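*Asks:* Structure for this input, please:
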Amino acid sequence: MRMPAEWEPHEATWIAWPHHEPDWPGKFEAIRWDYAEIVRALVGSERVEILCASAEVQADATEALAAHGVPPQAYRLHLVPTDRSWLRDSAPTGVDQGLLRWHFNAWAKYDNYALDARVPDAVAKISGLTLIDPVRPDTGAPVVMEGGALDVNGEGLILVTEECLLSTVQCRNPGLSRDGYETIFREYLGVRQTLWLGASCVGDDTHGHVDDVARFVDPDTIVLAFEEDPADDNYLASVDNLRRLELAGGNDGAFRVVQVPFPRPVLMSGQRLPASYANFYIANTKVLVPTFNDPADRVALNAMAGLFPDRQVVGIHAVDLVWGFGTLHCLTQQQPR
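*Replies:* Presented below is the predicted three-dimensional model:
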């Protein structure tokens, strides 16, 4: 079994139309337009499958997409109840033999996830793909996992963080060891080497998702969000993650590490949000990169354009989106072709 890398061909991109106002208190009206802009950006790259929690939400999606000039043939709307819109984590992970139905428990933090836990069933029914249920090697229990907690190169390497998988805070799989996780990755994702980073970025509501700090962009290249200011709260984790990658082979040519900056801190009501350019999404012909009205936007976009010469790099305004503690990668999930 193998999980294809994100840059391998997609059949579709899955999103869920936003409807849970508490995820973006005070900014919810802007979010629907952000989602419409994301769908508009994906036109011509791949079909977008959109889950709508109710008939009212479906009508809202139809209205917003029409207002943005998105052609109706570019997307499909599906009436599927959800709690939230973060499909990277609640939707199944595509592998070469079907869809992995990880057990979803809302990042071991929230109580309202019963509907989201059934999203894989809906995706499987709509796509016609087979569901596969990963189990723990030690107990046989379902594996709690989210798509944002892992990133693969499709050729045997995976990026994860100790903060997310091995911490006792928001603990997903109590008692599951480092070796146990690596066994799961080998069996279900086709991984031969796990690259363990330390921590994700400040403000990450998931307690450590790797997709906010480090991502593969080709089989041999990792983009690492790196904070150069020693006074910034992301600095120590950045230095530690870079050191870990260098020790794992980045120093001797096993792979290349490309650093991109963080934007200056994005704050809301005194709370720092997980604003990061590493939360980009790779589509068939485009790469969607979050932007934050920051001078570093240009640096990140130029870096990504250099890494993806065969794809169009599109900046998507994400200052409002990140108030929900996630941006472009968090809300999308690819269906491999």
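
*Asks:* Report the separation between the residue nearest to Arg118 when sequence neighbours are not counted and Ala303.
*Replies:* Counting by CB to CB, 6 or more residues apart in numbering, Pro81 is the residue found nearest to Arg118 once chain neighbours are left out, at 7.9 Å. To be clear about C-beta, it is placed using only N, CA and C from the backbone, and glycine gets the same treatment. Here the distance between Pro81 and Ala303 works out to 39 Å (CB to CB, to the nearest Å).

*Asks:* the more surrounded of those two?
*Replies:* Taking other CB atoms under 10 Å, Pro81 and Ala303 do not tie; Ala303 has more neighbours (19 against 16).

*Asks:* shouldn't that one be in contact with Val287?
*Replies:* No. Contact criterion CB atoms under 8 Å: Ala303 and Val287 do not qualify, at 11.0 Å.

*Asks:* can you list the weak-confidence ranges in this structure?
*Replies:* Scanning the chain for pLDDT under 70 picks out nothing.

*Asks:* State which helix of it is the longest.
*Replies:* In terms of residue count, the longest helix belonging to the chain (DSSP state H) is helix 28-42.

*Asks:* Buried residues in that one, which are they?
*Replies:* Neighbour-count burial for helix 28-42 flags 28, 31-32, 34-42 (criterion: 16 or more other CB atoms under 10 Å).

*Asks:* now those residues in a markdown table, with distance to Ala278?
*Replies:* Converted to a markdown table, the buried residues of helix 28-42 look like this (distance: CB to CB, whole Å):
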| residue | distance to Ala278 |
| --- | --- |
| Phe28 | 25 |
| Ile31 | 21 |
| Arg32 | 25 |
| Asp34 | 19 |
| Tyr35 | 21 |
| Ala36 | 24 |
| Glu37 | 20 |
| Ile38 | 17 |
| Val39 | 22 |
| Arg40 | 23 |
| Ala41 | 18 |
| Leu42 | 19 |
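
*Asks:* out of the residues you listed, which one sits closest to Gln97?
*Replies:* Nearest to Gln97 among the buried residues of helix 28-42 is Leu42, at 25.8 Å by CB to CB.

*Asks:* wait, what's in contact with the closest one?
*Replies:* Neighbouring residues of Leu42 by CB atoms under 8 Å, 6 or more residues apart in numbering: 13, 48, 74, 283, 286, 288.

*Asks:* Would you agree Glu49 is in contact with His78?
*Replies:* Yes. The pair Glu49 / His78 is scored as a contact, 6.6 Å apart, by CB under 8 Å.

*Asks:* For those two, indicate the residue with more neighbours.
*Replies:* More neighbours surround Glu49 than the other of Glu49 and His78, with 23 against 16 (other CB under 10 Å).

*Asks:* Assign that one to helix, strand or coil.
*Replies:* For Glu49, the assignment made with DSSP: H, G, I helix; E, B strand; the rest coil gives strand.

*Asks:* Roughly how far does it sit from Pro92?
*Replies:* According to CB to CB, Glu49 stands 12 Å off from Pro92.

*Asks:* Identify the contacts common to the two.
*Replies:* Taking CB under 8 Å, 6+ apart as the criterion, Glu49 and Pro92 both touch Val123.

*Asks:* so what's Val289 closest to, chain neighbours aside?
*Replies:* Phe280 (4.5 Å).

*Asks:* quick one, what contacts the one you found?
*Replies:* Contacts for Phe280 (CB under 8 Å, 6+ apart) come out as 215, 287-290, 304, 328-329.
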